[in-house]
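> My questions concern the predicted model and sequence given below.
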Amino acid sequence: MTFCRKCGIQLEENTKCPKCGHTVDVAPQENPPQKYIPSPPQGNAVNTPPPIPVYIIQPNLLLQLSSRIKTEGLIWMIIGLLQTVVIFGSFLFLAEYEGEKSIIILGVPFLIVGIINIGLAVDDFIYSKKVLADPVGIVQRYLPFGRLVGNIIYNVLFGGLIGVVGSFYRFSLRYFVISNAAQLQDIERKHLANRKTKGIQ
């Protein structure tokens, strides 16, 4: 068999191609000329970047968060001081009565809760400054739910109604952080990139 070298159609030997007019006077070819067909790309040929989270920008978000954390710290400080003062006052008042030891023993858990709440206040005051200087891990700090539930439980059992007020404010603070999680994580990424540029670990 003979094939036209220009257009590839089958011809009789030593004839003129009826399609393109090319004269064929060569030995027969076993196969017509092959056209190059590129193979399809394997997988994603283009590495598309991950989608950028869309969020409504909160102006001065870190300042807002710092202020809310300070408010929470103030609430816990007031609650903790009231709890410890009330328990100490009860101890002093009941000291002259018989059976006061059993009452004091019952009051010890309430005193411990008051001290814990004062500790939470101090931690909040410190962290309110840290979020402005080093806004890293904010969402991870407020995302866990178990610690928050535990705080409510021991305040309900031993802290009285006043302790529950602080726990519910912590709920609102957690909601604020989660609602602005995308922007906070974006702030964290930029802060870490800037820190890496400056060579700070």
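Received the coordinates, thanks.
> what does the average pLDDT come to for stretch 17-34?
What stretch 17-34 shows for mean pLDDT is 58.
> Quick one: list the elements packing against the host helix or strand of residue 89.
For residue 89, the host element (DSSP states H and E) is helix 61-94. Using 3 or more C-beta pairs under 8 Å, 6 or more residues apart in numbering; DSSP states H and E as the contact test, the elements touching helix 61-94 are helix 100-133, helix 160-179, helix 181-197. Any C-beta I mention is one placed from the backbone N, CA and C, and that applies to glycine too.
> Take the ones you listed and lay them out in JSON lines including mean pLDDT and distance to residue 144.
Conversion of the helices and strands packed on helix 61-94 to JSON lines gives the following (pLDDT from 0 to 100; distance: least, C-beta to C-beta, whole Å):
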{"stretch": "helix 100-133", "mean pLDDT": "84", "distance to residue 144": "15"}
{"stretch": "helix 160-179", "mean pLDDT": "85", "distance to residue 144": "9"}
{"stretch": "helix 181-197", "mean pLDDT": "90", "distance to residue 144": "14"}
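> need the ones you listed in TSV with mean neighbour count, can you?
Shown next, in TSV, are those (neighbours: other C-beta atoms under 10 Å):
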stretch	mean neighbour count
helix 100-133	16
helix 160-179	16
helix 181-197	14
